[in-house]
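# fold the stuff below for me.
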Amino acid sequence: MTLSILMIRVAIAALILTLLVGFVLKKQKNWLISYLQNFTGALFLFSGWVKAVDPLGTAYKMEQYFGEFQSTFEGTMMSFIAPLFPALSEYAVGFSVFMIVFEIVLGLMLILGTWPKFTSWAFFLLVAFFTALTGFTYLTGYVPNDVNFFEFGKWGKYVETNMKVTDCGCFGDFIKLKPKVSFFKDVFLMIPAIIFLFSHKQFHQLFSGGVRRLLPLASIVGLLIYCFSNYIWDLPHADFRPFKEGTDVAAQRAMEEEAMSNVKVTGYTVSNKETGEQVEIAMADYGKEYKKYPKSEWEFEQIRTKPTIEPTKISEFAVEHGTEGYEITDDILQGEGYSFMVVAVDLKAEEGAPITSIRRDSIYAIDTLAVGDSTELVRRLVKVEEKPESKPTYIWGENYTKRWTDVVNPVIAAAEKAGIKSYAVTKYTPPSKIKDFKEKTATNYPVHLADDILLKTIIRSNPGVVLWKDGKILGKWHHKKLPTFEEIQAAHIK
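Down below sits the predicted model:
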């Protein structure tokens, strides 16, 4: 679904609600205000719901924003603000749930007409916040990679790849909006937001005052339980990500790679580094025109055709062997039969005090010894050097290790006994930590490595279990909802 189609559907739903308010309930005071209430309320209900099904996704997006803000403020006059953002990242999940619940409840309050003055100001402030957020992200497209956002005089032409956060996350994974589109959407929403500030007395109000207050308060409780159920107790009940159950990852990856390989360069855009002047050169003319634009003065950017299939995170699916470092992606996707992948975005442990030991290195010299008419090389010990060696230690929480020892590993042990290949994948982690983890949890299957954002996209659980067959995802389970191997076998393994 595109944003245009979504807006049309919301507009139709708002029209139906407005007609009911005016002709059936007889609560309408101003047709335009009622329609705007219903339109913005319905939009917030929907945009909040598609995020509520996956609160972790919104939390991950917040972490991206916090990281970008940190790098922006570092090295500026406001560098004292930078350390705030890593601290905020620690509470990204809490912020995510709060924002999602607030957005949905605000949408409900707009439709009901609850506390008109408060609701209109809350809507205005929230839209203003979103506008500033998406506006900042969009404007980073004008900031070259080696330039700070606040160095306005060094901004250049808009380059989409300059943006660190390329998707606003406004509609979760349901619709991916580029920051530019999202920014103009929020600018559009500022129109009703400003109108509400001056016209909140004309809000329609449904039901009695008690019911208007009770429904939003009751919905907070229900929404909190719903959000928690989608990441604490189970996986999101609706999966909008590319690695959902039933996806043939191997086939989709092959199609996306083929589509990208068929992309053609049709010309170049050359930009003057000083004046910003831009000139487009067709590929047929490039050979005779490029000499007019020396690279010391001009920047060249390829003009390409669009791929027939838009690439997803599946194109970035890549897994490395945990100890040898070579890529095993094809082994996973092209391997025949069933396999279990245990995904752990992070092996959760605190670093303990390192253990220091003494390593003894023997240093030898080679002497030539004459023996009769021949010579022999003799190794002679010169000295023994003692060097301190530090070994990292890790403190593993019992709650986390039990997820493996009591839940995941028994299932994997039964699967391997039945001849099914199993392995774990975690983010890039020091070998010492992986070794310590395997010893602590008695994990006998290999632990491989992949990008953490990829792993977060595959499954929202740490750990989570994914069942594959011939490069296709058959099932995914949160560690708190993991069935026994026998139950998985009966349902999925033929």
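
# just for this protein, where's the confidence low?
In the predicted model, the chain carries pLDDT under 70 at residues 276, 371-372.

# swap in 80 and give it another go.
Scanning the chain for pLDDT under 80 picks out 1, 75, 145, 156-157, 159-166, 168, 273-277, 355-390.

# ramachandran angles for the spatially most central residue of it?
Geometric centre of the chain, nearest residue: Y60, 5.0 Å, by C-alpha atoms, centre = their mean. Per-residue torsions, Y60: phi -60, psi -40 (degrees, to the nearest 10).

# phi, psi for G419 please.
Torsion angles, degrees, to the nearest 10, at G419: phi 90, psi 20.

# can you show me the strands along the protein?
265-272, 278-282, 298-304, 338-344, 349-371, 374-396, 421-427, 447-450, 464-469, 472-478 (DSSP state E).

# show me what the shortest one packs onto, helices and strands only.
Judged by 3 or more C-beta pairs under 8 Å, 6 or more residues apart in numbering; DSSP states H and E, strand 447-450 is in contact with strand 421-427, helix 431-441. Any C-beta I mention is one placed from the backbone N, CA and C, and that applies to glycine too.

# one step back: contacts only, for the residue nearest to the centre of the chain.
Counting by C-beta atoms under 8 Å, 6 or more residues apart in numbering, Y60 touches 92, 453, 456.

# number of residues surrounding the first one?
Neighbour count for A92, taken as other C-beta atoms under 10 Å: 20.

# so what's it up against?
59-60, 62-63, 66.

# which one (most neighbours) among those?
A59 (23 neighbours).

# go ahead and confirm it touches S89.
No. Taking C-beta atoms under 8 Å as the definition, A59 is not a contact partner of S89, at 9.1 Å.

# how near is L20 to Q205?
14 Å (C-beta to C-beta, to the nearest Å).

# wait, isn't E386 in contact with R359?
Yes. If you go by C-beta under 8 Å, E386 and R359 touch, sitting 7.4 Å apart.

# how is the chain carved up into domains?
3-229, 264-304, 315-348+397-492, 355-391 (automatic domain parsing).

# JSON lines for these, including distance to R253?
As requested, these are exported to JSON lines (distance: least, C-beta to C-beta, whole Å):
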{"stretch": "domain 3-229", "distance to R253": "18"}
{"stretch": "domain 264-304", "distance to R253": "20"}
{"stretch": "domain 315-348+397-492", "distance to R253": "6"}
{"stretch": "domain 355-391", "distance to R253": "40"}
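
# out of those domains, which comes closest to E257?
Closest to E257 of those is domain 315-348+397-492 (C-beta to C-beta; 6.6 Å).

# of the domains of the chain, which is nearest L235?
Taking C-beta to C-beta as the criterion, domain 315-348+397-492 is the member of the domains of the chain that comes nearest to L235, at 4.8 Å.

# distance between that closest one and the chain's centre?
19 Å (C-alpha atoms, centre = their mean, to the nearest Å).

# what is the burial count for E351?
Count around E351 with other C-beta under 10 Å applied: 10.

# mind listing what's buried in stretch 145-154?
The neighbour-count check on stretch 145-154 (16 or more other C-beta atoms under 10 Å) flags F149 as buried.

# how close does E487 sit to Y338?
15 Å.

# compare those two (neighbour count), which wins?
Y338 (21 against 11).

# for the more buried one, give me its contacts.
Going by C-beta under 8 Å, 6+ apart, Y338 touches 420-421, 467-469, 474, 493.

# wait, which of the strands of the chain is closest to S199?
The closest of those to S199 is strand 278-282. By C-beta to C-beta, the value is 44.0 Å.

# where exactly do the helices run in the stretch 51-200 of the chain?
55-73, 84-89, 92-112, 116-139, 179-199 (DSSP state H, counting those that start in this stretch).

# now for F317, how many residues are close by?
Neighbours of F317 using other C-beta under 10 Å come to 22.

# that one contacts L455, correct?
No. Taking contacts as C-beta under 8 Å, F317 lies outside contact range of L455: 10.4 Å.

# ok, L217 to F46 distance?
L217 is 21 Å from F46, by C-beta to C-beta.

# looking at those two, which is more packed in?
A direct count of neighbours by other C-beta under 10 Å for L217 and F46 places F46 higher, at 18 against 10.

# quick one: contacts for the closest residue in space to D239 that isn't next to it in sequence?
Nearest residue to D239, sequence neighbours excluded (C-beta to C-beta, 6 or more residues apart in numbering): E245, at 7.0 Å. For E245, the contact set (C-beta under 8 Å, 6+ apart) comprises 239, 473-476.

# please apply the same query to L126.
L126 neighbours (C-beta under 8 Å, 6+ apart): 102-103, 106.

# wait, S362 touches L381, no?
Yes. Counting by C-beta under 8 Å, S362 does reach L381; the two are 6.2 Å apart.
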